[in-house]
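[1] What follows is a predicted structure for the sequence shown.
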Amino acid sequence: MLKLYQTSFLLLLVAIAVTSASHTLCAAEKVPNVVLIYVDDLGYGDVGCYGATKVQTPNIDRLAKEGRRFTDAHSASAVCTPSRYALLTGEYPVRAHAGRGVWGPLPTTSGLIIDTNTLTIGKVFKNKGYATACLGKWHLGFKQGTNDWQVPLRPGPQDVGFDHYFGVPLVNSGSPYVYVEDDTILGYDPTDPLIYGGKPPSPTPTFPPEASQKSPNRFGGALEAHQIYDDEKTGTLLTERAINWITKNKDNPFFLYFSTTNVHHPFTPSSRFKGTSECGLYGDFIHELDWMVGEILQSLEDNNLSENTLVIFTSDNGGMLNRGGRDAIQTGHKINGDLLGFKFGIWEGGHRIPFIAKWPGKIEAGSVSDQLICQVDMLATFMALTHQVAKPLTDKDRINILPALLENPAEPLRTELLLAPFRQSNLAIRKGKWKLHLPRTPTDQPFWSKKPSKKKGFVTLKEPQLFDLHSDIAEKNNVAQRHPEIVARLLKQAEIVRAELGDVRTMGSDQREITLADPQGR
């Protein structure tokens, strides 16, 4: 009998050991949740951990305190749609539209500009069994060809890697002023559809000049959908949707692409945030954004998800010099810190952006990295994160920057970067500490075209400009004449990039609706 008990006890110990090893193996193989907070028009100097003093951003600063802050991170463009294309596809935006490129905000009637066969960050996570959602601003088009805004709005986000979509379909400063949920319009009434150019236009809230007004509505019809849309409640609504989705999917791996309308104009924070900053509605809108970030972080904690969730916070481009931005600057707030330039420009203020990553136990808390990174790198990085082997790349756009998040590489991971902020005639090449603004004139052959340009109005730059960003981050000193060998080398590198990309042309007449997002602050 004793021997029987001893045998049973030994078997029990073996079972416990096997079970323990199994649990350890599962824990080791457990993939993290990922929350990517992608904000709109937030400049390099718009949050406390990057030097802001006229606004308070305790939740964003907490991310930096508990994670890693990057000082040399860039959006692929200095304007929304191209940056978002690069983020989702891992391709420079000059590759969109079968090589014609996407250079500015998409017009109202644009179809989906991401080929549904293209690998995206959403598909990367879906391939690993993740639940995926895109909540917030989309601005990458719906349907094929011309979007007539009749439901179903397919192809759309659900066809490029997202199980669920809810948000503002275009931009909060441009119509239609409705919310889209998956492939339909919230409040959709088949007897009262959206009508592009319909008269009279459906009513939508308007705001005073200091809010940097939104454009007039171009749509008639869909009265119920328009009544649901409320600019000052959008931030709260998107946050509630995010919290509910996280809670619903807490038991399985998930990827949340949370793409806010904050802080793109019009600056329409909820009433409880108005007057809370020292720099007007612009700062108040940042305060609402910080609250949104805090609510998402709290949701992760409430659901016991914080320890195994990678949170990334970044912006689609630098701050914009519209009415709200100018008012903020007059109070002493530095939208883009000490950087030169603003949204749409080749200068650092247009595309050097905040980038913060937090993953407890994996990313060193309170650390700062000066690695050169770009949002186009996220696709390869997420593939590495989820232990997926990327097929050999036919391009050199994206690189895996996971070591820059988790480790402290002594050598740079990214050695060069193409910067294409808004126009094909306004480009730069980054190589280490050097940044070369490529020459451009109103009539000379644009860098990316084999045909002479007949467009007018480009800023004349007949000679390249060279800047040492390590010693001159504000780009005050053009040192091209002092370093002709560097200029020659980078011009040669630019030609190599051009040969790799092929003949990149501007978009056709469908881009005529695009404006500079109301430089007068409308």
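    Everything's here; your move.

[2] Kindly export stretch 116-123 (C-alpha atoms) in CSV.
    Included here for stretch 116-123 are C-alpha records, laid out as CSV according to Å, rounded to 0.1, in the frame of the first residue of the first chain:
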residue,chain,number,x,y,z
THR,A,116,-7.1,45.0,-51.1
ASN,A,117,-4.4,42.5,-52.0
THR,A,118,-1.8,44.6,-50.2
LEU,A,119,-0.4,43.5,-46.9
THR,A,120,-1.3,45.9,-44.1
ILE,A,121,-0.7,46.2,-40.4
GLY,A,122,-4.3,45.1,-39.9
LYS,A,123,-3.7,41.9,-41.9
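
[3] Give me the contacts around that stretch.
    Identification of contacts with stretch 116-123 by Cβ atoms under 8 Å, 6 or more residues apart in numbering yields 36, 87-91, 114, 132, 134, 155, 157, 159-162, 255, 257, 378-379, 382. To be clear about C-beta, it is placed using only N, CA and C from the backbone, and glycine gets the same treatment.

[4] residues of that stretch that come out buried?
    Using 16 or more other Cβ atoms under 10 Å as the test for burial, stretch 116-123 gives 118, 119, 120, 121, 122, 123.

[5] to the chain's geometric centre, what's the distance from that stretch?
    16 Å (Cα atoms, centre = their mean, to the nearest Å).

[6] likewise stretch 130-139?
    12 Å.

[7] so how far does that stretch reach from one end to the other?
    Using Cα to Cα, to the nearest Å, one end of stretch 130-139 lies 24 Å from the other.

[8] any chance of the buried residues of stretch 116-123 in TSV, with distance to residue 68 too?
    As requested, the buried residues of stretch 116-123 are exported to TSV (distance: Cβ to Cβ, whole Å):
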residue	distance to residue 68
118	29
119	26
120	25
121	20
122	24
123	26
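
[9] from these, which ones fall inside helices?
    Secondary structure defined by DSSP state H assigns 121, 122, 123 of the buried residues of stretch 116-123 to helices.

[10] Of the buried residues of stretch 116-123, which is the nearest to residue 194?
    Each of the buried residues of stretch 116-123 was scored against residue 194 by Cβ to Cβ, and residue 122 proved nearest at 25.7 Å.

[11] Can you give me the distance of the most centrally placed residue in the chain to residue 253?
    Geometric centre of the chain, nearest residue: residue 316, 3.9 Å, by Cα atoms, centre = their mean. Residue 316 sits 26 Å away from residue 253 when distances are taken as Cβ to Cβ, to the nearest Å.

[12] can you check residue 417 too?
    Distance from residue 417 to residue 253, by Cβ to Cβ: 31 Å.

[13] quick revisit: could you give me the PyMOL selection string for whichever of the contacts of stretch 116-123 are buried?
    Of the contacts of stretch 116-123, the buried ones go into a single PyMOL selection, burial set by 16+ other Cβ under 10 Å:
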select buried, resi 36+87+88+89+90+91+114+132+134+155+157+159+160+161+162+255+257+378+379+382
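
[14] Now stretch 192-200: buried residues?
    192, 193, 194, 195, 196.

[15] Stretch 400-409 too?
    Quick answer for stretch 400-409 (16+ other Cβ under 10 Å): 400, 401, 402, 404, 405, 406.

[16] contact partners of that stretch?
    68, 70, 310, 357, 359, 362-364, 367, 369, 371, 373, 377, 380-381, 383-385, 390, 413-414.

[17] End to end on it, go ahead and measure it.
    Stretch 400-409 end-to-end distance (Cα to Cα) = 13 Å.

[18] Start the count at 388 instead of 1 going forward.
    With the count now opening at 388, the last piece we talked about shows up as stretch 787-796.

[19] distance between that stretch and the chain's centre?
    Worked out by Cα atoms, centre = their mean, stretch 787-796 lies 20 Å from the chain centre.

[20] quick one, helices of this protein?
    Secondary structure of the chain (DSSP H): helices located at 389-416, 445-453, 467-476, 508-513, 610-615, 621-635, 667-689, 710-717, 735-738, 765-772, 789-793, 871-888.

[21] Deepest in the core, which of these is it.
    helix 735-738 (a mean of 30; mean count of other Cβ atoms under 10 Å).

[22] where does the stretch 788-909 of the chain have low pLDDT?
    827-848, 887-909 (pLDDT under 70).

[23] residue ranges for the strands of it, please.
    Assigned by DSSP state E, counting those that start in this stretch, the stretch 788-909 of the chain shows strands spanning 803-806, 815-818, 821-824, 852-855.

[24] With distance to residue 465 as new columns, can those be given to me in a markdown table?
    What follows is the strands of the stretch 788-909 of the chain, written out as a markdown table (distance: least, Cβ to Cβ, whole Å):
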| stretch | distance to residue 465 |
| --- | --- |
| strand 803-806 | 8 |
| strand 815-818 | 11 |
| strand 821-824 | 13 |
| strand 852-855 | 16 |
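
[25] nearest to residue 688, of these?
    strand 803-806 (35.7 Å).

[26] can you name the two of the buried residues of stretch 579-587 that are farthest apart?
    Among those, 579 and 583 lie farthest apart (Cβ to Cβ), at 14.3 Å.

[27] Mark which of the contacts of stretch 787-796 are buried, thanks.
    So, by 16+ other Cβ under 10 Å, the buried ones in the contacts of stretch 787-796 are 455, 457, 697, 744, 746, 749-751, 756, 758, 760, 764, 767-768, 770-772, 801.

[28] ok, now how distant is residue 474 from residue 791?
    Going from residue 474 to residue 791 by Cβ to Cβ gives 17 Å.

[29] Can you say which of the strands of the stretch 788-909 of the chain is nearest to residue 531?
    strand 803-806 (28.6 Å).

[30] pLDDT below threshold where in this protein?
    Applying pLDDT under 70 to the chain flags the ranges 388-416, 777-783, 827-848, 887-909.

[31] could you redo the last one with a cut-off of 50?
    Regions of the chain meeting the criterion pLDDT under 50 cover residues 388-415, 780, 828-846, 890-909.

[32] Surely residue 701 touches residue 739?
    No - look at residue 701 against residue 739 with Cβ atoms under 8 Å: they stay out of range, at 11.1 Å.

[33] Contact partners for the nearest residue to residue 451 once chain neighbours are set aside?
    Ranked by Cβ to Cβ, 6 or more residues apart in numbering and with sequence neighbours excluded, the top spatial neighbour of residue 451 is residue 436, at 4.0 Å. Residue 436 makes contacts with 444, 447, 448, 450, 451, 452, 456, 741, 743, as judged by Cβ under 8 Å, 6+ apart.

[34] mind redoing it with 10 Å?
    Shown in contact with residue 436 (Cβ atoms under 10 Å, 6 or more residues apart in numbering): 444, 445, 447, 448, 449, 450, 451, 452, 456, 741, 743, 755.

[35] coming back round to it: I'd like the strands of the stretch 788-909 of the chain written out as JSON lines, with mean neighbour count and distance to residue 867 added.
    Below are those laid out as JSON lines (neighbours: other Cβ atoms under 10 Å; distance: least, Cβ to Cβ, whole Å):
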{"stretch": "strand 803-806", "mean neighbour count": "22", "distance to residue 867": "17"}
{"stretch": "strand 815-818", "mean neighbour count": "21", "distance to residue 867": "13"}
{"stretch": "strand 821-824", "mean neighbour count": "22", "distance to residue 867": "8"}
{"stretch": "strand 852-855", "mean neighbour count": "20", "distance to residue 867": "4"}
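
[36] how far away is the closest residue to residue 730 other than its chain neighbours from residue 727?
    Nearest residue to residue 730 in three dimensions, chain neighbours excluded: residue 707, at 4.0 Å (Cβ to Cβ, 6+ apart). The gap separating residue 707 from residue 727 is 15 Å, by Cβ to Cβ.
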